[in-house]
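Q: got a predicted structure here, sequence first:
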Amino acid sequence: MDAIALLIAASINAGTPLMLAALGLLINEKSGVVNLGAEGMMLIGAVVGFAVAVNSGSPALGFAAGAGASVVLAGFFAWMTVWLGTNQYATGLALALFGGGASTYIGINYVGNSLSNGSFGVPWLQDLPFVGPALFRQHPMVYLALLLCAAIACFLYRSRAGLVLRAVGESPSSAHSLGYNVRRIRLAAILFGGACCGLAGAFMSLVYTPLWVENMVAGRGWIALALTTFATWRPARVVGGAYLFGGITILTYSVQGEGVAVASQLLSMLPYLATIVVLVLISSNANYIKLNMPASLGKYFKPGA
């Protein structure tokens, strides 16, 4: 039972950066914007957050700096796509490539450094049998991510501002005719998405593996993008999808640790293979995707076309 509890805890930990990034990208897409630069923003958030935490000794400042650095990149993406009208796909891919190269350059002097993580837990609850080590000995950011998911769900479906955001994503021309500034709303959504990706990257370098390694995000930005479709653009489903993919990742490590006679390269590709399989299965029902996706994304994403 202890081994299962630890496996659950590790899966939650591994799924948290995916959840944070996917929630930010979900808000982007609800506003009618597709940002393929998540991988680059996560890498920038990871290296800047780690560098600030190492130099200041404060992980909280590291998280703030990682989020801020990604917001800057997201702002550049917004200026290019929303104001200058560049292609969202091409600009997002350029952002992903830039983030990868810039993070490598910034992190040269931090390779080999590591941070020491203290012990975390919810008082009293962490001492409960099984559920304590499984659920209540996590970093505070894990619980903040869950609160963020609940807040986003309330914002989108229980508030006037969320209704306006969804209206901009569904029909920007109609929202504009009603007096809403579509550009500013999309700018706010993109900056929020950048902050979430920065927090996800900082979580990778400050909590998940408290060190800096080149390209340490390792494709999680692309998985986060896939998660928005997997969750059919609904925040609660993002949580389940993130923990599912996190669990698959941890399971591959566990299998390798047990010495199972399977090539490590094959095990390492399982999370990405699972992502492809899930997307194929979901996309096979084009009508279901069209019913749930923001209408203005139809010109970028055409399932079954």
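A: Sure thing, it's come through. Residues are numbered from 1 along each chain as shown.
Q: so which residues of this structure form helices?
A: Along the chain, the stretches classed as helices by DSSP state H are 2-30, 38-56, 59-78, 88-106, 131-135, 140-158, 160-170, 172-177, 182-203, 220-230, 235-257, 264-268, 270-283, 286-292.
Q: highest mean neighbour count out of these?
A: Burial among the helices of the chain, expressed as mean neighbours by mean count of other Cβ atoms under 10 Å, is greatest for helix 38-56, which shows a mean of 28. Quick note: C-beta positions are derived from backbone N, CA and C, even for glycine.
Q: Glu214 is nearest to which of the helices of the chain?
A: Closest to Glu214 of the helices of the chain, according to Cβ to Cβ: helix 88-106, at 5.3 Å.
Q: picking up where we left off before, hey, least reliable of the helices of the chain by pLDDT?
A: Within those, the least confident segment by mean pLDDT turns out to be helix 286-292, at a mean of 65.
Q: before we move on, the earlier item: how about the helices of the chain in JSON lines, adding distance to Gly121?
A: Written out in JSON lines, the entries for these read as follows (distance: least, Cβ to Cβ, whole Å):
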{"stretch": "helix 2-30", "distance to Gly121": "11"}
{"stretch": "helix 38-56", "distance to Gly121": "21"}
{"stretch": "helix 59-78", "distance to Gly121": "16"}
{"stretch": "helix 88-106", "distance to Gly121": "32"}
{"stretch": "helix 131-135", "distance to Gly121": "8"}
{"stretch": "helix 140-158", "distance to Gly121": "10"}
{"stretch": "helix 160-170", "distance to Gly121": "33"}
{"stretch": "helix 172-177", "distance to Gly121": "45"}
{"stretch": "helix 182-203", "distance to Gly121": "17"}
{"stretch": "helix 220-230", "distance to Gly121": "25"}
{"stretch": "helix 235-257", "distance to Gly121": "19"}
{"stretch": "helix 264-268", "distance to Gly121": "30"}
{"stretch": "helix 270-283", "distance to Gly121": "27"}
{"stretch": "helix 286-292", "distance to Gly121": "37"}
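Q: closest to Trp212 out of those helices?
A: If you check each of these against Trp212 by Cβ to Cβ, helix 38-56 wins as the nearest, at 4.6 Å.
Q: for the closest one, list the C-alpha coordinates in PDB.
A: What follows is the C-alpha trace of helix 38-56 in PDB, where atoms were taken according to Å, rounded to 0.1, in the frame of the first residue of the first chain:
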ATOM      1  CA  ALA A  38       4.000  26.600 -24.800                       C
ATOM      2  CA  GLU A  39       7.200  24.500 -24.900                       C
ATOM      3  CA  GLY A  40       9.400  27.600 -25.300                       C
ATOM      4  CA  MET A  41       7.600  29.600 -22.600                       C
ATOM      5  CA  MET A  42       7.900  26.700 -20.200                       C
ATOM      6  CA  LEU A  43      11.600  26.400 -20.800                       C
ATOM      7  CA  ILE A  44      12.100  30.100 -20.300                       C
ATOM      8  CA  GLY A  45      10.000  29.900 -17.100                       C
ATOM      9  CA  ALA A  46      12.100  27.000 -15.900                       C
ATOM     10  CA  VAL A  47      15.500  28.500 -16.500                       C
ATOM     11  CA  VAL A  48      14.600  32.100 -15.300                       C
ATOM     12  CA  GLY A  49      12.800  30.700 -12.200                       C
ATOM     13  CA  PHE A  50      15.700  28.500 -11.400                       C
ATOM     14  CA  ALA A  51      18.300  31.200 -11.900                       C
ATOM     15  CA  VAL A  52      16.400  33.600  -9.600                       C
ATOM     16  CA  ALA A  53      15.800  31.000  -7.000                       C
ATOM     17  CA  VAL A  54      19.500  30.100  -6.900                       C
ATOM     18  CA  ASN A  55      20.700  33.700  -6.700                       C
ATOM     19  CA  SER A  56      18.000  34.900  -4.200                       C
END
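Q: run through who's touching stretch 138-149.
A: Contacts made with stretch 138-149 from outside it, assessed by Cβ atoms under 8 Å, 6 or more residues apart in numbering, are listed as 9, 12-13, 16, 19-20, 23, 63, 117, 120-122, 196, 199, 203, 207, 235-236, 238-239.
Q: at 10 Å instead, please
A: Applying Cβ atoms under 10 Å, 6 or more residues apart in numbering, the contact partners of stretch 138-149 are 9, 12-13, 15-20, 22-24, 26, 59-60, 63, 117-118, 120-122, 126, 135-136, 151, 196, 199-200, 202-203, 206-208, 235-239, 242.
Q: before we move on, what about stretch 2-10?
A: 129-138, 142, 208, 243, 246-247, 249-251, 253-254.
Q: if anything else comes up later, I'll come back, but that's it for now.
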